[in-house]
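Colleague: Structure, please.
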Amino acid sequence: MGWSRADLTALMGDAVTFGVQHVERGGIPFVGVVVGADGYVSPFGVNRVRETGDPTAHAEIVAIRDTIRARQTTDLTAYSLLATGEPCGICYRFALDHGIGTIYVAVPADEVAALGFDYRSSYAAARVDRAALAGSTVVPLTVPDGLAPFHRFLAVN
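Modeller: Numbers count the residues shown, from 1 in each chain. Coordinates of the predicted model:
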């Protein structure tokens, strides 16, 4: 199964809705989900740093780890990542190191930084060149209310 733009947009919209729900349960407003060319969809990964004490338990990494376990492979070249907020450097590095070729982003890092979630300094530390990734590896996938999880987080915290 190939993923159409409409399919990916619908899934990203579901991820955004899930992000709002996660925030309302006390979570952090980032969601990641991995999709495979064969129709695979990972569970929604959410940031679990607070719950686990694991500083790498970011939403995208949680989704990628779930995929690695479920698919029993670390080669994710046939997979794409959807992220409600542009991944930080460590999440980009983890995705790229596992072969993920396309990363769809609902809200770019500059927009979430304006809301107080500024992790842009992590790119240099993780050796991630955002400019080189833009347009080929990183594809914008805007959805209505993409900022809703972030706004909800700010409203309840």
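Colleague: which SS state does V34 fall under?
Modeller: Counting by DSSP: H, G, I helix; E, B strand; the rest coil, the backbone at V34 sits in strand.
Colleague: pretty sure it contacts T73?
Modeller: No - when contacts are counted by C-beta atoms under 8 Å, V34 is not listed as touching T73 (11.9 Å). Every C-beta, even on glycine, is put in place using the N, C-alpha and C of the backbone.
Colleague: So which of the two has more stuff around it?
Modeller: A direct count of neighbours by other C-beta atoms under 10 Å for V34 and T73 places V34 higher, at 27 against 14.
Colleague: beta partners of that one?
Modeller: Under the criterion DSSP bridges, V34 forms beta bridges with L81.
Colleague: what sits against it?
Modeller: Contacts of V34 were listed using C-beta atoms under 8 Å, 6 or more residues apart in numbering, and they are 40-42, 45, 63-64, 66-67, 76, 79-82, 100.
Colleague: Select only the buried ones of these in ChimeraX?
Modeller: The ChimeraX command for the buried members of the contacts of V34 (criterion: 16 or more other C-beta atoms under 10 Å) is given here:
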select :41,42,45,63,64,66,67,76,79,80,81,82,100
